[in-house]
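S.K.: Build me a structure from this.
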Amino acid sequence: MKKDNFDIFDYLWSKNKVKKEYIDIYKISWDKLMITYLIGGLAGTLWETFLVIFKKNYFEFRNGSFFLPFNPVYGFGLCAIIIFLHKLNTTKQIFVVGAVVGGVAEYSLSFLQEMILGSKSWDYSNRFLNINGRTTIPYCLFWGFGCVLIMRFVYPLVFKYIEKLAPRTIKVLGTIFLIIVVVDLFFTVGVLFRYNMRQSGNEAITFIGRFFDSYFPDSRVELFFPNMKLT
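M.R.: Numbers count the residues shown, from 1 in each chain. This is a model prediction of the structure:
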């Protein structure tokens with residue numbers, strides 16, 4: 001099937017199997033994934049922000065960053081889902097593998113945050129069927145359901161519009177976004193590392209550490225990361 005004849009609605013409403021021609025239309029590349037990362041990160045920030053407003057009736061920063069509105073957990077999560085699931089062609093496969101990938105991703109991010117930064121942003125120790133407090137079986141099933149929605153709706157729709165851009169434009173945008181995200185993650189991880197060190201009474205020994213301490217004091221860190229708990 002030629003790309004120009006691709007019918008997005010035929011893809012979205014297919015009941016069981018997605019034809020192989022549809023799967024092969026969209027090629028995965030790092031620059032497209034960078035754009036996808038920003039879309040997933042922004043969607044995650046909006047979702048969590050409005051959820052907090054609805055449940056707690058007040059605003060809370062939920063973007064997981066000091067500068068950008070793109071939550072890294074959701075950005076990396078969406079990219080991981082697309083990378084691992086884009087060649088699966090049945091809803092059952094997507095659900096099962098998505099549940100596993102989502103659970104592993106959530107567990108891994110929690111583990112890495114605790115090992116590198118000495119902190120946790122979520123703890124499900126008191127939740128039903130939790131796995132070391134980092135994820136739960138019900139949440140894994142929720143991830144599976146979410147992956148079905150993403151792969152049936154979000155992925156084809158997003159990539160359809162991305163591929164309307166010229167290849168050079170996609171590469172330029174991907175490069176710019178990559179630089180912005182790397183710089184943002186460097187500052188975010190560095191600031192959180194120094195926050196943890198300050199709580200342990202360790203003074204900064206480098207210019208970068210002193211810069212972080214001066215411009216990102218505890219009050220600012222706790223404002224942007226209200227759920228973070230030191231371990």
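S.K.: drop to CA atoms for contacts and neighbour counts, all remaining ones
M.R.: OK.
S.K.: how close does the residue nearest the centre of the chain sit to residue 57?
M.R.: By C-alpha atoms, centre = their mean, the chain has its centre lying nearest to residue 74, at 2.0 Å. Going from residue 74 to residue 57 by C-alpha to C-alpha, to the nearest Å gives 23 Å.
S.K.: about what we covered before: OK, contacts around the residue nearest to the centre of the chain?
M.R.: Counting by C-alpha atoms under 8 Å, 6 or more residues apart in numbering, residue 74 touches 37, 40, 41, 43, 44.
S.K.: residue boundaries of the strands in the protein?
M.R.: 119-120, 130-131, 135-136, 229-230 (DSSP state E).
S.K.: Which strands and helices lie in contact with the first one?
M.R.: Under the contact definition 3 or more C-alpha pairs under 8 Å, 6 or more residues apart in numbering; DSSP states H and E, strand 119-120 sits against helix 91-117, strand 229-230.
S.K.: ok, residues contacting that strand?
M.R.: Residues contacting strand 119-120 (C-alpha under 8 Å, 6+ apart): 110, 113, 114, 196, 228, 229, 230, 231.
S.K.: ok, those residues vs residue 178, which is closest?
M.R.: Using C-alpha to C-alpha, residue 113 is the member of those that lies nearest residue 178, at 21.3 Å.
S.K.: what about the closest one, neighbour count?
M.R.: As a burial measure, residue 113 scores 16 neighbours (other C-alpha atoms under 10 Å).
S.K.: quick one: pLDDT of it?
M.R.: Looking at residue 113, its pLDDT stands at 85.
S.K.: residues contacting the nearest residue to residue 137 once chain neighbours are set aside?
M.R.: Excluding its sequence neighbours, the residue lying closest to residue 137 (C-alpha to C-alpha, 6 or more residues apart in numbering) is residue 129, at 5.7 Å. With contact set as C-alpha under 8 Å, 6+ apart, residue 129 has these partners: 136, 137, 138.
S.K.: The second one contacts residue 130, doesn't it?
M.R.: Yes: between residue 137 and residue 130 there is a contact at 6.4 Å, judged by C-alpha atoms under 8 Å.
S.K.: about what we covered before: to residue 162, which of the strands of the chain lies closest?
M.R.: Nearest of the strands of the chain to residue 162, taken as C-alpha to C-alpha: strand 135-136 at 32.5 Å.
S.K.: Just give the nearest non-adjacent residue to residue 204, would you?
M.R.: residue 210 is the one closest to residue 204 (C-alpha to C-alpha, 6+ apart), at 5.5 Å.
S.K.: Can you select the buried ones among the contacts of strand 119-120 for me in ChimeraX?
M.R.: To isolate the buried members of the contacts of strand 119-120 in ChimeraX, using 16 or more other C-alpha atoms under 10 Å:
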select :110,113,114,196
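S.K.: Residue 124: which of the contacts of strand 119-120 is nearest?
M.R.: Set against residue 124, the nearest of the contacts of strand 119-120 by C-alpha to C-alpha is residue 110 (10.8 Å).
S.K.: contacting residues around the closest one?
M.R.: By C-alpha under 8 Å, 6+ apart, residue 110 lies in contact with 120, 121, 122, 134.
S.K.: What is the burial count for the first one?
M.R.: If you count neighbours by other C-alpha under 10 Å, residue 120 ends up with 19.
S.K.: And the pLDDT for it?
M.R.: Looking at residue 120, the pLDDT reads 86.
S.K.: same question, residue 22
M.R.: Per-residue confidence (pLDDT) for residue 22: 45.
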